[in-house]
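Undergrad: Sequence first, predicted coordinates after that:
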Protein chains: 2
Amino acid sequence: MGERNRATTIADVATHAGVSQASVSRVLNGKQSVDPEIVRRVQASIAALGYAPSATARSLVSGRNDTIAMVVPDLENPLFQGILKGLSLAAAADGYRVLVADTAERVDDEEPTAIEARQRCDALVLCAPRMPEQQLRRLVERVAPVVVVNRPLPDLDVPIVGVDYVRGIRDLVDHLVGLGHRHLAYVTGPETSASNAERLRGVDEALALHHGVRIDRIPGGSRPEDGDAVAGAVLDAQRAGVTAVIAFNDLVALGLMTRLRELGLDVPGDLSVAGFDDVPMARYATPRLTSMSVPRGEIGAQAWARLRTLIGGGPVEHTVLYRPRLEARESTAAPARAGVPA
Amino acid sequence: MGERNRATTIADVATHAGVSQASVSRVLNGKQSVDPEIVRRVQASIAALGYAPSATARSLVSGRNDTIAMVVPDLENPLFQGILKGLSLAAAADGYRVLVADTAERVDDEEPTAIEARQRCDALVLCAPRMPEQQLRRLVERVAPVVVVNRPLPDLDVPIVGVDYVRGIRDLVDHLVGLGHRHLAYVTGPETSASNAERLRGVDEALALHHGVRIDRIPGGSRPEDGDAVAGAVLDAQRAGVTAVIAFNDLVALGLMTRLRELGLDVPGDLSVAGFDDVPMARYATPRLTSMSVPRGEIGAQAWARLRTLIGGGPVEHTVLYRPRLEARESTAAPARAGVPA
DNA sequence: CGTTTCTGAGAAACCGCTTTCTCGCATGGA
DNA sequence: TCCATGCGAGAAAGCGGTTTCTCAGAAACG
């Protein structure tokens, strides 16, 4: 069979222009002065042949491929979507692309996926909220340069970008207590989730700060269905005196609110409900959901900023934690039968 | 100053094991029989040196890099998120990764972004709902293998995976008319959006099918804010006799519903509202939003299936259009003052 | 026992580009 | 006028793998 129709290479261009490959390369990269006449001829040949340099070959020699990877447990989660978007945009501004790897919540897949992704990218953004800490520590060393998103990792030389969930929960509790609530409930997230652990710490700290306040725990989850499923338990809690509920995140809060309404409960009349993350839909819920706003895009952008520094041989920059901002909306209000002032 | 600490290469392994590079390569790929003793030694050396083959070098020789790219106008849109997730999972199952490029709704960036992405990937999934058709046609030829998502492109040798918006709108109108509505309104999407054009065709076809039915058009958009902003106009329409509204998509419908409620309107009592796409939040809206379900993940998976065929040298497979499925929920109901039967 | 075939390991070419090295030539200084 | 410099273009050496090619030794056969 005839020779196959391979793509045109730099050698073809060189031949066509009657110059050396090196000259073509020089014209392409423009880092050395080249005879204007040669430049002209080369450019003409490139245009004539429709030549496009091979990114792979370039990568091989440069040792970089201007691509970073982001590993996430679930692309369907608005938090990660926002981070991905911010990361992608920020990286693109510097000429980098983002490879995305969804581990579909399979914790066991995270490590191999991360390693695999790292092999074909210059750096990594790792979102692994449920990976055991020891494993994560090992992994992080192996896949450097890497930045870890949204989980604390003390005493490790890795940049971290995250959210101060502890403080966020405290602030949220403050908001509710300020409204007059004294008996709250927290619908927990996934048991192994690092950010759930952080939130629980926030609950504990809040309890230490507010005497006479109770915060029950109701096992929940991270998705709207979980909120839906836990509505019965929440209703029981409300009958037992709980006047405000904090859900692990907005998805749970949204699912919960919808179900509660169907069960005949008025939010916030009978019960205040608050979420966390301030997903885009929160402000369009009925009632508009009170939530703790988290700068999703900014987290992605900062992750890139740190990665860029690392790639450039810079130091591991300091951990940055964003403090969630209260978005007080309609789903929280003073308890109907205002408790006895403390 | 000293020699820098480069990664170990296949040559290092060969030396360490006292065999040739070729043998190491053979052991790695296992496509030829090799002396068991050599296999053992090579594997020992690989382990001892912690060797990992360079994906880039492999790509250079193989001409593939097992990565595809997906170009989307907005990663924050639940539709694209779902498609990306489905694509990513399906591709991963075949050992492919996905590079994602968000053009941030800048139509002018789509072509260069696609070309650039294609240069470093084996194939492309293109979501460009607003790119002018002529430009898209040119682009598609240039970046093949490619599959186009969610827009018709007649007479072109390109696999297309999409949604039958025309039929979807018709079915949705059928639903509303079946409930007794005679005077509807459609809140349009972005003017240049191909899928909005499809929906409008659906509106026209529905009108042709249902005598005595009116469908007004109200300029809208594609985001919740647009729904919010258009609420006044919708309210006017309602006062003018409109009893049901179809929004371009769920995001608009959600924003609209929330605002309408604040304006004192009861949905569906005073006005039925329906969306499109059935985003995850639709079923958790208040009232739960009637929508046309679109198999987001499946679209992504099918896009991959077609791409895989193309990559493997197979034919351009037939266009596949998914017919949206009605998810009748609480936001649509019979009009309060049932119209005179036609 | 000699010759042919087969097997498998090593040498070398190659993938497409960048970068160093070499060298001819034009320029500037003495 | 001659030699030291500088500049720019081409040749060639990698980058790190895979794959073809070559060839030695073993196995098979007459």
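TA: Received the coordinates, thanks. Since this is a predicted model, take the numbers as computed values, not measurements.
Undergrad: Just give the number of residues close to the residue of chain A found nearest DNA strand D.
TA: Closest approach between chain A and DNA strand D, counting by C-beta to the nearest atom of the strand: A:D35, at 2.6 Å. Backbone N, C-alpha and C define where each C-beta goes, glycine included. A:D35: 11 surrounding residues under other C-beta atoms under 10 Å in any protein chain shown.
Undergrad: go on, A:A11?
TA: Around A:A11 there are 11 residues (other C-beta under 10 Å).
Undergrad: so it touches A:A22, yeah?
TA: No: taking contacts as C-beta atoms under 8 Å, A:A11 lies outside contact range of A:A22: 11.1 Å.
Undergrad: can you map out the strands along chain A?
TA: Secondary structure of chain A (DSSP state E): strands at A:67-72, A:97-102, A:123-126, A:146-149, A:160-163, A:183-187, A:214-218, A:244-247, A:272-274, A:291-293, A:320-322, A:325-327.
Undergrad: Please tell me how far the first one is from the chain's geometric centre.
TA: Relative to its chain's centre, strand A:67-72 lies at 11 Å (C-alpha atoms, centre = their mean, to the nearest Å).
Undergrad: Mind giving me the packing neighbours of it?
TA: helix A:78-93, strand A:97-102, helix A:107-119, strand A:123-126 (3 or more C-beta pairs under 8 Å, 6 or more residues apart in numbering or on different chains; DSSP states H and E).
Undergrad: could you give me the average pLDDT of it?
TA: For strand A:67-72, mean pLDDT is 97.
Undergrad: Specify the angle between that strand and strand A:97-102 in degrees.
TA: With axes from the mean of the first three to the mean of the last three C-alpha atoms, to 10 degrees defining the directions, strand A:67-72 sits at 20 degrees from strand A:97-102.
Undergrad: Note down every partner strand of strand A:67-72 and its orientation.
TA: Sheet pairing for strand A:67-72, assigned by DSSP bridges, gives strand A:97-102 (parallel), strand A:123-126 (parallel).
Undergrad: Mind putting the strands of chain A into a markdown table with mean neighbour count and distance to DNA strand D?
TA: Output for the strands of chain A, formatted as a markdown table (neighbours: other C-beta atoms under 10 Å in any protein chain shown; distance: least, C-beta to the nearest atom of the strand, whole Å):
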| stretch | mean neighbour count | distance to DNA strand D |
| --- | --- | --- |
| strand A:67-72 | 26 | 17 |
| strand A:97-102 | 24 | 20 |
| strand A:123-126 | 26 | 17 |
| strand A:146-149 | 26 | 20 |
| strand A:160-163 | 24 | 30 |
| strand A:183-187 | 24 | 49 |
| strand A:214-218 | 16 | 51 |
| strand A:244-247 | 32 | 48 |
| strand A:272-274 | 28 | 52 |
| strand A:291-293 | 26 | 45 |
| strand A:320-322 | 18 | 34 |
| strand A:325-327 | 16 | 47 |
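Undergrad: just to revisit the earlier point, for the strands paired with strand A:67-72, which one sits closest to A:L271?
TA: strand A:97-102 (35.1 Å; C-beta to C-beta).
Undergrad: Looking at the strands of chain A, which is nearest to B:M292?
TA: strand A:97-102 (25.7 Å).
Undergrad: Run the angle between that closest one and helix A:107-119 for me.
TA: Using the same axes, to 10 degrees, strand A:97-102 lies at 160 degrees relative to helix A:107-119.
Undergrad: mean confidence score for strand A:97-102?
TA: 96.
Undergrad: how much distance is there from it to the middle of the chain?
TA: 12 Å.
Undergrad: send the alpha carbons of that strand over as CSV?
TA: C-alpha atoms of strand A:97-102 as CSV (Å, rounded to 0.1, in the frame of the first residue of the first chain):
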residue,chain,number,x,y,z
ARG,A,97,-4.9,23.4,30.2
VAL,A,98,-6.7,21.2,32.8
LEU,A,99,-7.2,17.5,32.6
VAL,A,100,-10.0,16.4,34.8
ALA,A,101,-10.4,13.0,36.5
ASP,A,102,-13.5,12.1,38.2
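Undergrad: in stretch A:315-324, what counts as buried?
TA: Residues A:316-317, A:319-322, A:324 are the ones in stretch A:315-324 that count as buried (16 or more other C-beta atoms under 10 Å in any protein chain shown).
Undergrad: Tell me which residues are up against it.
TA: Contacts made with stretch A:315-324 from outside it, assessed by C-beta atoms under 8 Å, 6 or more residues apart in numbering or on different chains, are listed as A:157-165, A:167-168, A:171-172, A:276, A:278, A:292-295, A:298-299, A:302, A:305-306, A:309-310.
Undergrad: Out of the residues you listed, which end up buried?
TA: For the contacts of stretch A:315-324, buried by 16+ other C-beta under 10 Å: A:158-165, A:167-168, A:171-172, A:276, A:278, A:292-295, A:298-299, A:302, A:305-306, A:309-310.
Undergrad: coming back round to it: ok, the buried residues of stretch A:315-324 vs B:G202, which is closest?
TA: A:P324 (42.2 Å).
Undergrad: how near is that closest one to DNA strand C?
TA: Distance, A:P324 to DNA strand C, using C-beta to the nearest atom of the strand, to the nearest Å: 44 Å.
Undergrad: Check A:V173 too.
TA: On the measure of C-beta to the nearest atom of the strand, A:V173 and DNA strand C end up 56 Å apart.
Undergrad: what does A:R214 give?
TA: 65 Å.
Undergrad: dump the residue contacts of the spatially closest residue to that residue that is not a sequence neighbour.
TA: Computed as C-beta to C-beta, 6 or more residues apart in numbering or on different chains, the closest residue to A:R214 that is not its neighbour in sequence is A:H183, at 4.9 Å. Residues near A:H183 by C-beta under 8 Å, 6+ apart: A:213-214, A:216, A:241-244, A:339.
Undergrad: Just give the closest residue to A:G50, not the sequence neighbours.
TA: Nearest one to A:G50, counting by C-beta to C-beta, 6+ apart, is A:T8 at 6.8 Å.
Undergrad: show me the contacts for that neighbour.
TA: Per C-beta under 8 Å, 6+ apart, neighbours of A:T8: A:49-51.
Undergrad: tally of neighbours for the residue of chain A found nearest chain B?
TA: Nearest residue of chain A to chain B: A:T286, at 3.4 Å (C-beta to the nearest C-beta). A count of neighbours around A:T286, defined by other C-beta under 10 Å, yields 22.
Undergrad: if I look at it, how far off is B:P324?
TA: 25 Å (C-beta to C-beta, to the nearest Å).
Undergrad: Phi, psi for the nearest residue to A:A229 once chain neighbours are set aside please.
TA: Among residues not flanking A:A229 along the chain, A:G221 sits closest, at 7.5 Å (C-beta to C-beta, 6+ apart). Note on A:G221: backbone dihedrals following degrees, to the nearest 10 are phi 180, psi -150.
Undergrad: Surely A:G221 is in contact with A:V252?
TA: Yes: counting by C-beta under 8 Å, A:G221 does reach A:V252; the two are 6.5 Å apart.
Undergrad: who's more crowded, those two?
TA: A:V252 (30 against 24).
Undergrad: got a list of what the residue lying closest to that one once chain neighbours are set aside touches?
TA: Nearest residue to A:V252, sequence neighbours excluded (C-beta to C-beta, 6+ apart): A:G227, at 3.9 Å. Shown in contact with A:G227 (C-beta under 8 Å, 6+ apart): A:187, A:220-221, A:247, A:251-259, B:284.
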